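> need coordinates for the following:
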Amino acid sequence: MRHHDFETERNAIFQHLSETFLARCDPSDGLIHSEKYAGKDVSIHTRAAGYDIRAMAEAATAWMMCGHEAKACQALDMVLDNQDLDEDSSTWGNFKWHSDWPMALDPNAAAFIVPNLWYLYQHAGEKLPASLRERIRAALRRAYDGIQAHCCTFLYTNIVLLNQASLLCIADVLDWPRPRQVVGWAFEEWRNRIGHLGVLPEYNSLTYSAVDIHALAIMLACPAPEGLHAEVRALLRLLIAQALADYHPVIGRITGAQSRAYPADRRQRGHSCMDAILRLVLPHSHGCEQHFLAWLGVPIGMEDILPEARQLPLPRHVRAWGGGQSRLNYLGADFALASINGRGHWTGHALPFFLAYASSNRRCGLPILPREAAKVEAHAADQQDGTLLGSCCWLKKRSDKDTTSNRNFSGLNTGTPDNLLDASFRPGFFLELDGPEGRLELFDGNGDPAPTGRVPGDILLIRTDTLLVGLRFLSPSGAPRLILAEDADGERALEAEGPGEALAINDLEAAVTLAFLLEVMPREAMPIRALGAALQAGSWAFRPAAVGWELSGRSPGGKALRVTIDAQPACFWDFPGSHLSANAWCHRLQSAT
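Prediction:
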């Protein structure tokens, strides 16, 4: 798609979203009610109640652009009624994501709602009653303070950029220079920190990289300080190029490790916000059939693909490093295998190991998820194309008697200061295998069909449409346990668990690890039983390292592999008589009286 064709696509996006939101309306009042989300990925939204105010803001925009003016005004009134107007509240000027919340418990709400208010004000014209236009202006003036109060660090890439886009939207509607100048300052600070760090903390996220690109497109649609648009456009194109580097045209999806990853992002082709972005920029038809974002910014298209991101070869290696970590993605003829190596857990590695493969089914990914992924202290990987020796290291308390309270002054969900797990924690991985729409062939290490429940031994063999995959799990302190489970929705997953025996690091902390060998080959490369026998025959040795372990061995394909699993915690100081690790520092603060 080219820029001059974009408005037709924008109208189609609005139409699709209009119909989607109409289908979500409750017949009793015609509004969109909140749905409680399950799982740690969405944290505070497990307490959702009342009306979904963010959804109502997006629905108001789509309905107005599609001729449902009365419905749009009803939704817009609901949104404006749910701005935090308590002048003593820390989230004053922000918006409640869900109407029954006492305050803006998710202060990201303003960053998602303000661009919709801006778009309605600038594009709805006389369709908006004068009273609503005045309410929007007043709400945006307050939202400036709400956004400025949001304690968002430079690590939170999508919210950093959305906040900046929102401030430019406020400046545009109110013709107010101050937010514009603040954005110039904020962008400089963020750009400089990221440049020094050498990595985007929210890298290759199939949800949030799309939010980044959309935020930049909104910034380009608003007046900005001189020269800012040039840098914003350059950044937008760099993000698109980064996504295309990991895009596998045969598989039809973005591959590679992901900083943040929701289930559909991990498992399916054509079912993410970044798939919707690729639909707009790729010169050929892409498999995404849905619209996930009401596109409010400037057009994007083929013109935004940098020369170096066009016609990339297969096979290829995509590498990135910085901030204490490195990433490798090998894109072969019909699969892609990716891994993370190093520390830098502060950036978040929700999906550090990922195999994607060509398939006629939309389900074409094998995510390997660590237990407590956000708490992994370090990753270690030695990857040679389609062969990977990977591991994770976790830190846990040496005793559950060592407890501290997690003081919460804000009333908001700000996480926990330390990176320690309970003493009872056992290391493990969770492999999302398949769903009812397309089954993989699963075998144990003897080549027999893998049973539901306990899988004998420490090996799982997998046959896809095109690949044969061998997996063996490795532990320094006993045999790992494999459990194959199927849930009520027909989703099958393998859970691999290692023993809980730990390596003492200091008086507070101990380390545990679990590793795996993964080998990818063509589907008919060797008989299943022969692959199982080769994996079982492999000799793998854990040896003590300075603080941690070294693991080495040879794959069935004859590749020598070795990783150093670093269990050394970050340290504030170490001098005679005192050692203060990062987790101990947190405990000092939390236990202070």
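> and the average pLDDT for stretch 150-162 is what?
With pLDDT averaged residue by residue, stretch 150-162 scores 93.
> which parts of it are buried?
Within stretch 150-162, the residues that qualify as buried are 150, 152, 155-162, counting by 16 or more other Cβ atoms under 10 Å. C-beta here means a position set from N, CA and C on the backbone, and glycine is covered the same way.
> so which of those residues would you say is closest to M78?
The nearest member of the buried residues of stretch 150-162 to M78, counting by Cβ to Cβ, is L162 at 21.4 Å.
> surely that closest one is in contact with A111?
Yes - L162 is in contact with A111 according to Cβ atoms under 8 Å; the separation is 3.7 Å.
> buried sites along the helix-or-strand element of the chain with minimal mean pLDDT?
Least confident helix or strand of the chain, by mean pLDDT, DSSP states H and E, is helix 263-267 with a mean of 89. For helix 263-267, burial by neighbour count (16+ other Cβ under 10 Å) applies to 265-267.
> also stretch 455-474?
Within stretch 455-474, the residues that count as buried by 16+ other Cβ under 10 Å are 455, 457-464, 466-474.
> now do stretch 270-286
Here stretch 270-286 shows 270-282, 286 as buried, counting by 16+ other Cβ under 10 Å.
> just the element for the residue nearest the centre of the chain, please.
Nearest to the mean C-alpha position of the chain, by Cα atoms, centre = their mean, lies R260 at 1.4 Å. Using DSSP states H and E, R260 falls within no helix or strand.
> gap between it and A350?
5 Å (Cβ to Cβ, to the nearest Å).
> same thing with P225?
Taking Cβ to Cβ, one finds P225 at 35 Å from A350.
> in terms of neighbours, single out the busier of the two.
A350 (19 against 16; other Cβ atoms under 10 Å).
> for the closest residue to the more buried one other than its chain neighbours, what are its contacts?
Spatial nearest neighbour of A350, excluding adjacent residues (Cβ to Cβ, 6 or more residues apart in numbering): A261 at 4.6 Å. Contacts for A261 (Cβ atoms under 8 Å, 6 or more residues apart in numbering) come out as 205-207, 350-351, 367.
> show me the two of these that sit farthest apart.
T207 and P367 (14.4 Å).
> tell me which of these two has more neighbours.
Ranked by neighbour count (other Cβ under 10 Å), T207 and P367 place P367 first, with 24 against 18.
> run through the residues that contact that one.
Applying Cβ under 8 Å, 6+ apart, the residues near P367 are 261, 266-267, 351, 353-354, 431-432.
> now it. Nearest residue, chain neighbours left out?
Counting by Cβ to Cβ, 6+ apart, P367 lies nearest to R266, which is 4.2 Å off, once chain neighbours are set aside.
> ok, back up a step: format the contacts of P367 as TSV; extra columns: distance to H379.
Listed next are the contacts of P367 as TSV, based on distance: Cβ to Cβ, whole Å:
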residue	distance to H379
A261	15
R266	17
R267	21
L351	11
F353	8
F354	12
L431	16
E432	18
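> please enumerate the strands of the stretch 451-593 of the chain.
Applying DSSP state E, counting those that start in this stretch to the stretch 451-593 of the chain gives strands spanning 453-455, 459-463, 467-474, 481-486, 492-497, 503-504, 509-522, 541-545, 548-554, 560-566, 571-575, 578-581.
> got CSV for those strands, with distance to L140 and mean pLDDT too?
Output for those, formatted as CSV (distance: least, Cβ to Cβ, whole Å; pLDDT from 0 to 100):
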stretch, distance to L140, mean pLDDT
strand 453-455, 57, 97
strand 459-463, 53, 98
strand 467-474, 52, 98
strand 481-486, 49, 98
strand 492-497, 45, 98
strand 503-504, 55, 96
strand 509-522, 48, 98
strand 541-545, 56, 95
strand 548-554, 52, 97
strand 560-566, 48, 97
strand 571-575, 43, 96
strand 578-581, 45, 95
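> mind putting those strands in CSV, distance to M65 included?
Conversion of those to CSV gives the following (distance: least, Cβ to Cβ, whole Å):
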stretch, distance to M65
strand 453-455, 52
strand 459-463, 46
strand 467-474, 45
strand 481-486, 43
strand 492-497, 41
strand 503-504, 59
strand 509-522, 46
strand 541-545, 59
strand 548-554, 56
strand 560-566, 53
strand 571-575, 53
strand 578-581, 54
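> point out the one among those strands that comes closest to E372.
Shortest separation from E372 across the strands of the stretch 451-593 of the chain is recorded for strand 509-522, at 11.0 Å, computed as Cβ to Cβ.
> report the distance from that closest one to the chain centre.
In this view, strand 509-522 has its centroid 22 Å away from the chain centroid, taken as Cα atoms, centre = their mean, to the nearest Å.
> checking A230 next. Helix, strand or coil?
helix (DSSP: H, G, I helix; E, B strand; the rest coil).
> again with E308
E308 ends up helix, using three-state DSSP.
> now it: how far from D106?
The gap separating E308 from D106 is 38 Å, by Cβ to Cβ.
> of these two, who's got more company?
Between E308 and D106, D106 has the larger neighbour count (other Cβ under 10 Å), namely 24 against 10.
> does the more buried one really touch I44, like I thought?
Yes - contact status for D106 versus I44: in contact at 5.4 Å, counting by Cβ under 8 Å.
> quick one, what contacts R178?
A171.
> check which element follows the host helix or strand of it along the chain.
According to DSSP H and E, R178 maps onto helix 177-197. Sequence-wise, the next helix or strand downstream of helix 177-197 (DSSP H and E) is helix 208-220.
> so for that following helix, mean pLDDT?
In this model, helix 208-220 has an average pLDDT of 98.
> and stretch 393-404, by the same measure?
For stretch 393-404, mean pLDDT rounds to 86.
> what lies in contact with the host helix or strand of I13?
For I13, the host element (DSSP H and E) is helix 6-24. Residues outside helix 6-24 that contact it (Cβ under 8 Å, 6+ apart): 1, 32, 55, 58-59, 61-63, 65-66, 68, 71, 280, 290-291, 293-295, 299-301.
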